[in-house]
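J.: pasting a predicted model and its sequence here:
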Amino acid sequence: MAEPAQDAPAAPRRRGRPRSAPRANSSLSTREEILAAAASLFGSQGYTETTTRQIADAVGIKQASLYYHFADKSQILRSLLKGTVAPSVQFADWLGTAGPGGGAVDPAVALAGLARYDLDGLLRDRWNLHVVYRLLDIAETEFAETRESQVALRGHYRSLCAAVLTRQGVDVAALPGADLELVFGLVEGIISQRQWGDDGTRAAYADAVVRGCLRLVHVPEPEIAGAVAAGTALAARFRAEVPQPD
């Protein structure tokens, strides 16, 4: 009688490529670690001088493993740049249907919410993207998508400012066009405050910026606190309801 056939031994499970060094931050995915390392290297030694090998070494992975996540250095850069503006544009678009019955939000509340969301993103910039954004050795072509997003974000600010001013009885058509850029400039200027004081100091300054944005468009003082509170609530609601871009 033939002996029963023995089951073939299971093939050993393939493991991923080992790291060349322990993970520096286990709370981040490998992709996030690559972005963090690249942002640091781009900021400290420039984009041109940074190589993918240096980025991989900083993360503790083989260079070939980096290419599993990104095709090349320029793709890493574009992923970083996308994070500077795209989330705020997505929020501004969302505000157009976040009001009662799927309509637009009150313009003063929307402006306060957009300023709050934008400021939070700039102050919580975990990879110092504002530094990367200002590198002189990055080709203009790398900025194309980000520039388009920035133009869109600026347009949202201008539209909201015009709507609030019109509600306050201001003839917007009679204003110099640059006047409608003041709120956008005030918000983006928070970058210079990132290294000043502690978290509490920066948060207090951001609160003042939101109030200042509303004062620039003539929102009556008694209405400012309510608009800021409502705008902050909208920003929190957006984060809870809408998946954020990578």
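T.: Perfect, thanks for sending it. Numbers count the residues shown, from 1 in each chain.
J.: how close does Glu148 get to Gly155?
T.: 11 Å (C-beta to C-beta, to the nearest Å). To be clear about C-beta, it is placed using only N, CA and C from the backbone, and glycine gets the same treatment.
J.: now swap in Ala58 and tell me
T.: Ala58 is 37 Å from Gly155, by C-beta to C-beta.
J.: so between these two, which is more surrounded?
T.: Between Ala58 and Gly155, counted using other C-beta atoms under 10 Å, the more crowded position is Ala58 (18 against 13).
J.: and the closest residue to that one other than its chain neighbours, how many residues sit next to it?
T.: In this structure, Ala58 finds its nearest non-sequential neighbour in Ala37, 3.9 Å apart by C-beta to C-beta, 6 or more residues apart in numbering. Neighbour count for Ala37, taken as other C-beta under 10 Å: 23.
J.: host element of Ala37?
T.: Using DSSP states H and E, Ala37 sits within helix 30-45.
J.: quick one, domains of the protein?
T.: Listed by automatic domain parsing, the domain ranges of the chain are 17-70, 80-241.
J.: average pLDDT across the last one?
T.: The average of the pLDDT scores along domain 80-241 is 88.
J.: distance across it, terminal residue to terminal residue?
T.: The first and final residues of domain 80-241 sit 24 Å from each other (C-alpha to C-alpha, to the nearest Å).
J.: ok now that domain, how far from the chain's centre?
T.: The chain centre lies 12 Å from the centre of domain 80-241; the measure is C-alpha atoms, centre = their mean, to the nearest Å.
J.: cool, the first one as well?
T.: Between the mean C-alpha point of domain 17-70 and the mean C-alpha point of its chain there is a distance of 20 Å (C-alpha atoms, centre = their mean).
J.: show me where this structure has helices.
T.: Taking DSSP state H as the test, the helices found in the chain are 30-45, 52-59, 63-69, 73-95, 107-123, 129-133, 144-167, 182-188, 199-216, 221-241.
J.: for the nearest residue to Val132 once chain neighbours are set aside, grab the count of nearby residues.
T.: Nearest residue to Val132 in three dimensions, chain neighbours excluded: Phe42, at 5.1 Å (C-beta to C-beta, 6+ apart). Neighbour count of Phe42, defined by other C-beta under 10 Å: 26.
J.: and the pLDDT at Phe42?
T.: On the pLDDT scale, Phe42 is placed at 88.
J.: and it, how close does it get to Gln75?
T.: The spacing between Phe42 and Gln75, counted by C-beta to C-beta, is 13 Å.
J.: what's the answer for Ala112, then?
T.: For Ala112 relative to Gln75 (C-beta to C-beta), the value is 36 Å.
J.: and those two? Which one has more around it.
T.: When Ala112 and Gln75 are compared for neighbours, Ala112 comes out ahead with 30 against 12, by other C-beta under 10 Å.
J.: so Ala98 sits against Ala233, correct?
T.: No: if you go by C-beta atoms under 8 Å, Ala98 and Ala233 don't touch, sitting 10.6 Å apart.
J.: who has more neighbours out of those two?
T.: Ala98 (20 against 13).
J.: excluding chain neighbours, give the residue nearest to that one in space.
T.: Counting by C-beta to C-beta, 6+ apart, Val105 is the residue found nearest to Ala98 once chain neighbours are left out, at 5.3 Å.
J.: before we move on, what about Ala92?
T.: Counting by C-beta to C-beta, 6+ apart, His156 is the residue found nearest to Ala92 once chain neighbours are left out, at 3.8 Å.
J.: residues in contact with that neighbour?
T.: Contacts for His156 (C-beta atoms under 8 Å, 6 or more residues apart in numbering) come out as Val89, Ala92, Asp93, Leu114.
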